[in-house]
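Engineer: Here's a sequence, model it:
(one chain, ligands or ions: 1)
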Amino acid sequence: MLAGIAEGVGVASLLPLVTLMGQTGSQPKGIAGAIFNFLHGYGIEPTVGLFLSVLVFGMLLKATLSLVALHQVGRAVADVTVRMRLQLIDALLAARWSYYVRQPVGRFANALGAEANDAGAAYHQSAQLTAELIQIATYFAIVMIFSWKLALVAIGVGLIMVLTLNRFVIIAKRTARKQNRHIKRMIAGLTDLLVGLKPMKAMGRQGRFQTLFERDARIIRKAQRKQSFARHANKALQEPILAACLAIGLYGALVIWQAQPGEVLIMAVLLVRMVTTIGKAQEGLQAVRIAEVGFVSIIEAIDYARSAREPAHVGADPTFERGVTFRDVTFAYDDTTIIERASFEVPRGLVTTITGGSGAGKTTTVDLLLGLHEPQSGEILIDGKPLSEIDLVSWRRMTGYVPQELILFHDTLLSNVTLGEPEFTQEDVERAIEAAGASDFVSRLPEGVQTIVGERGARLSGGQRQRIAIARALIHRPKILILDEATTALDPETEANIVRNVLELARSTGLTVLAISHQPAWARASDHVVRLEGGRVVTVERRVDFTAETPEPASSASA
Ligand SMILES: Nc1ncnc2c1ncn2[C@@H]1O[C@H](COP(=O)(O)OP(=O)(O)OP(=O)(O)O)[C@@H](O)[C@H]1O
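Structural biologist: Residues are numbered from 1 along each chain as shown. So this is what the prediction gives:
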């Protein structure tokens, strides 16, 4: 507003200036006369130099104030962008597991990059637009002082311009939406493809995807061109519209009403300045409409992730003295029942294997145990306490988990085992690698634990990746180790070694092991085998005597 006043006063100083230059000895009338009297009242002589100085100073002050304001906006934009990103990451990491299964992950890459930037741009453009609207209002007030008729004409001309050019604002928004949609699709598709690229390349079938991407790229290019035209047309057509309105106005003032040329000139300058600011606001609105698409999209992503927030379970800290009990647990994905009234135990200090055919519900059982899903009925008890009343994060931190589809990060072996947590010592790392049966192959690597494993661990064999994943699960000395088909990629001898290592660990430390496996090696070595078929527990084989209420100590179990 202050910048608007400064500019308005600067431009308005032209009126007394022109009057002064055309002065022929008689006392000037009107506003110029009032200004002269005002200055004389303070003993200031109105000179050309004074009014030119006011003009230059007004413009300088406007530039300085605008710079300060825009710098402030720039800082706020950086805050908005960072906050959007952090909010998205926070919401994503706190969402329940079923949420990720339904999302193409590439969508988040775009949200975190381009859409967060768009959110900042939308904030910037909105601030700029607000400033321009305030400047228009300030101008309007200043022009009103000169002539309310001129103020109305200016608003009228501004409105004609806004309404004529609004079409280009709408086109810009529509094309921005189209671009956003197709860029999201492209990134999501490419991310998916890169994750599973090996078989596509191996079968020579990546070409089909290339065609799909090219189609998206063509649509994006077309939308981008249309948007560029709309932006430039919005800007370029302002001047002819303004010139036409001005020509009509000047003709009316000079020819029809025979007004003073000096005053008409000043009026014309004020009119042009005000209408130009309205034009700038129109461009600002267009820019807001374009940036708004990414902003709305990231806000929707954050809201959706937040709506899928995992229940916090801020309950009691868990203990693990007796073990886990599944009591009549039923779980369904949508309407399909996957686990049906399953009851079994995972006693502490023993090795339990869940076996069964493909799709029997073994992985789902583990997901339920980890609180990644919640059963529709029945209970999962940890030491007799329902999982729903236990602090979920503390419970998960007591577990070591090796999933069926394991992923290593593109980092060193060491970081993959420690997950970058600095509290683990060299000794911890060596112990975990040894227990996971990985020390032989790690010691043969020229760079040892400092070896970079490649994208998703691609520089290691499947069996080596599994052993590193087991080491990662063991390093924090979990109470229960969950292995979901964790040794399937190993040859029988290496698998037997790992089974032996894990059994020794269980016997010596009281570690509870829950293995999911089709392989006979685990079932043979287990104390307890639960067989699932079609989501139901069909057999339970207890090879040692235990009850959930009165657990066998680990050593006697071994005996
Ligand atoms: N997110 C999901 N949405 C819907 N159905 C699912 C989902 N995840 C798994 N299923 C279904 O649940 C059933 C059990 O899957 P689960 O992964 O638990 O089986 P599994 O016994 O571990 O099989 P496998 O030995 O082949 O790994 C399958 O029929 C599967 O199609």
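
Engineer: Next, the residue nearest to Leu2 when sequence neighbours are not counted: secondary structure please.
Structural biologist: Nearest in space to Leu2, with sequence neighbours left out and distances taken as Cβ to Cβ, 6 or more residues apart in numbering, is Leu65 at 5.2 Å. For glycine as for every other residue, the C-beta is placed from the backbone atoms N, C-alpha and C. With DSSP: H, G, I helix; E, B strand; the rest coil as the basis, Leu65 sits in helix.

Engineer: show me the contacts for Leu65.
Structural biologist: 2-3, 6 (Cβ atoms under 8 Å, 6 or more residues apart in numbering).

Engineer: Closest one of these to Val540?
Structural biologist: Set against Val540, the nearest of the contacts of Leu65 by Cβ to Cβ is Ala3 (79.2 Å).

Engineer: Give me the pLDDT for the closest one.
Structural biologist: Note for Ala3: predicted pLDDT of 86.

Engineer: Check whether it really touches Val68, as I assumed.
Structural biologist: No: applying Cβ atoms under 8 Å, one finds Ala3 not in contact with Val68, separated by 9.0 Å.

Engineer: out of those two, which sits in the busier spot?
Structural biologist: Ala3 (22 against 12; other Cβ atoms under 10 Å).

Engineer: Please identify the helix or strand for that one.
Structural biologist: Per DSSP states H and E, Ala3 falls inside helix 2-12.

Engineer: Measure how far that helix is from the centre of its chain, please.
Structural biologist: How far helix 2-12 lies from its chain's middle: 42 Å, per Cα atoms, centre = their mean, to the nearest Å.

Engineer: from now on call the first residue 34
Structural biologist: Done: numbering now begins at 34, and the last item shifts to helix 35-45.

Engineer: interface residues of the stretch 284-433 of the chain facing the ligand?
Structural biologist: 366, 371, 389, 391-397 (Cβ under 6 Å from any ligand atom).

Engineer: Of the residues you listed, just say which sits nearest to His73.
Structural biologist: Nearest to His73 among these, counting by Cβ to Cβ, is Tyr366 at 87.8 Å.

Engineer: Give me the neighbour count for the closest one.
Structural biologist: Neighbourhood size, Tyr366 [other Cβ under 10 Å]: 11.

Engineer: partner residues bridging it?
Structural biologist: Residues in a beta bridge with Tyr366, per DSSP bridges, are Thr369.

Engineer: So which residues of the stretch 84-233 of the chain form helices?
Structural biologist: With DSSP state H, counting those that start in this stretch, the ranges of helices along the stretch 84-233 of the chain come out as 130-134, 139-143, 149-179, 181-228, 230-235.

Engineer: can I get those helices in TSV with mean pLDDT and distance to the ligand?
Structural biologist: TSV is the format used below for the helices of the stretch 84-233 of the chain (pLDDT from 0 to 100; distance: least, Cβ to the nearest ligand atom, whole Å):
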stretch	mean pLDDT	distance to the ligand
helix 130-134	85	4
helix 139-143	85	17
helix 149-179	87	29
helix 181-228	89	16
helix 230-235	81	18
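
Engineer: Now tabulate these in JSON lines and tack on distance to Arg241 and mean neighbour count.
Structural biologist: Formatted as JSON lines, the helices of the stretch 84-233 of the chain follow (distance: least, Cβ to Cβ, whole Å; neighbours: other Cβ atoms under 10 Å):
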{"stretch": "helix 130-134", "distance to Arg241": "25", "mean neighbour count": "13"}
{"stretch": "helix 139-143", "distance to Arg241": "18", "mean neighbour count": "19"}
{"stretch": "helix 149-179", "distance to Arg241": "31", "mean neighbour count": "20"}
{"stretch": "helix 181-228", "distance to Arg241": "10", "mean neighbour count": "18"}
{"stretch": "helix 230-235", "distance to Arg241": "9", "mean neighbour count": "11"}
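
Engineer: quick check: angle from the helix or strand harbouring Leu275 to helix 181-228?
Structural biologist: Element membership of Leu275, judged by DSSP H and E, is helix 271-283. Orientation check (axes from the mean of the first three to the mean of the last three Cα atoms, to 10 degrees): helix 271-283 against helix 181-228 gives 170 degrees.

Engineer: who's in contact with helix 271-283?
Structural biologist: Identification of contacts with helix 271-283 by Cβ under 8 Å, 6+ apart yields 186, 190, 193-194, 197-198, 297, 301, 304-305, 308-309, 312, 315.

Engineer: now, which of the residues you listed sits nearest Gln260?
Structural biologist: When the contacts of helix 271-283 are compared for distance to Gln260 (Cβ to Cβ), Leu198 comes out closest, at 14.7 Å.

Engineer: Now the residue nearest to Ala349 when sequence neighbours are not counted: phi and psi?
Structural biologist: The shortest distance from Ala349 to any non-neighbouring residue, by Cβ to Cβ, 6+ apart, is to Ile423 (6.0 Å). Dihedral pair for Ile423: phi -110, psi 150, per degrees, to the nearest 10.

Engineer: I figured Ile423 hits Ile415, correct?
Structural biologist: Yes: if you go by Cβ under 8 Å, Ile423 and Ile415 touch, sitting 5.9 Å apart.

Engineer: Among the contacts of Leu98, which one sits closest to the ligand?
Structural biologist: Proximity of the contacts of Leu98 to the ligand (Cβ to the nearest ligand atom) peaks at Ala36, which lies at 56.5 Å.

Engineer: Could I get the full set of strands for the chain?
Structural biologist: Remark: strands assigned in the chain by DSSP state E are 356-366, 369-380, 384-389, 410-415, 418-419, 432-435, 513-517, 545-549, 561-566, 569-575.

Engineer: so what does the fourth one touch, helix or strand wise?
Structural biologist: Yep, that's strand 410-415 we're talking about. strand 356-366, strand 369-380 (3 or more Cβ pairs under 8 Å, 6 or more residues apart in numbering; DSSP states H and E).

Engineer: before we move on, the earlier item: format the residues of the stretch 284-433 of the chain next to the ligand as a markdown table; extra columns: distance to Ala554.
Structural biologist: A markdown table is the format used below for those (distance: Cβ to Cβ, whole Å):
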| residue | distance to Ala554 |
| --- | --- |
| Tyr366 | 30 |
| Ile371 | 26 |
| Gly389 | 16 |
| Ser391 | 18 |
| Gly392 | 22 |
| Ala393 | 19 |
| Gly394 | 22 |
| Lys395 | 16 |
| Thr396 | 19 |
| Thr397 | 23 |
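
Engineer: domain assignment for the protein?
Structural biologist: 35-340, 356-591 (automatic domain parsing).

Engineer: For Thr52, state which of the contacts of helix 271-283 is nearest.
Structural biologist: Distances from Thr52 to the contacts of helix 271-283, taken by Cβ to Cβ, are shortest for Val297, at 12.7 Å.

Engineer: If you drop the residues flanking it in sequence, what lies closest to the closest one?
Structural biologist: Ala286 (4.8 Å).

Engineer: quick one: that neighbour from the ligand, how far?
Structural biologist: 74 Å (Cβ to the nearest ligand atom, to the nearest Å).

Engineer: From what I see, that residue and Leu304 are in contact.
Structural biologist: No: taking contacts as Cβ under 8 Å, Ala286 lies outside contact range of Leu304: 10.4 Å.

Engineer: In terms of neighbours, single out the busier of those two.
Structural biologist: Leu304 (23 against 19).

Engineer: Please give me every residue in contact with the residue nearest to that one when sequence neighbours are not counted.
Structural biologist: Using Cβ to Cβ, 6+ apart and skipping the chain neighbours, the partner closest in space to Leu304 is Ala187 (5.1 Å). Residues near Ala187 by Cβ under 8 Å, 6+ apart: 172-173, 176, 303-304, 307-308.

Engineer: Quick one: those residues as JSON lines, columns for distance to Asp350 too.
Structural biologist: Listed next are those as JSON lines, based on distance: Cβ to Cβ, whole Å:
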{"residue": "Tyr172", "distance to Asp350": "65"}
{"residue": "Phe173", "distance to Asp350": "65"}
{"residue": "Val176", "distance to Asp350": "71"}
{"residue": "Leu303", "distance to Asp350": "73"}
{"residue": "Leu304", "distance to Asp350": "73"}
{"residue": "Met307", "distance to Asp350": "68"}
{"residue": "Val308", "distance to Asp350": "69"}
